[in-house]
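>>> Give me coordinates for this.
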Amino acid sequence: MIPSSRAWFAASLCVAALLANAPATHATELNLRLIGSQQIATGTLFQGIEFGGISGLDRLVDGTYVGLSDDRGGERGTPRFYKLSLDHDGAGSNGVTINSQRFMQRPDGSAFPYSLRTVDPAGIRVLPSGNLAFSSEGN
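Model prediction:
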């Protein structure tokens, strides 16, 4: 995992938490402040796979988040995303819980192969339908 990805992930969690709780407003009126950060240690395993390399984050309607791993397949395994819970309040960030891990799927519903670099995950969004869409920087 690239250390800068961790820093971006921690900062993104805080910004996402702020935006999720902010009242609707015009972009010119939006004020952001960092309320804290959380780090998940390098080497942390979740369901037998190292967590990390988060390059995309979006909020689900239930208040949890989806975080997209930027692992491409090959040496790091199947491209995947996580469902995360963020514990935060106006005073700061109090923790991150990894709730689940899902492998990304091709249009036919099959998982991307774990042994090949098939996609380069970059961003993830929750669509109005509740489905997820992801973007790839390459491949």
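>>> Now do the contacts for M104.
78-81, 111-112, 119, 121, 134 (Cβ atoms under 8 Å, 6 or more residues apart in numbering). C-beta here means a position set from N, CA and C on the backbone, and glycine is covered the same way.
>>> Just the buried ones among those residues, please.
Buried subset of the contacts of M104 (neighbour count, 16 or more other Cβ atoms under 10 Å): 78-81, 112, 119, 121, 134.
>>> if I pick the spatially most central residue of the chain, what's in contact with it?
A centroid search over the chain (Cα atoms, centre = their mean) returns G67, at 1.5 Å, as the residue closest to the centre. By Cβ under 8 Å, 6+ apart, the contact set of G67 is 9, 54, 56-57, 81-82, 84, 124.
>>> so where do the strands sit in this protein?
Along the chain, the stretches classed as strands by DSSP state E are 45-46, 49-50, 54-59, 65-69, 80-89, 92-103, 121-126, 132-136.
>>> Show me the beta-bridge partners of R125.
A133 (DSSP bridges).
>>> Hmm, I typed the wrong one, I wanted Q101.
Residues in beta-bridge contact with Q101 (DSSP bridges): Y82.
>>> Okay, it and Q38: tell me how far apart.
Q101 sits at a distance of 18 Å from Q38 (criterion: Cβ to Cβ, to the nearest Å).
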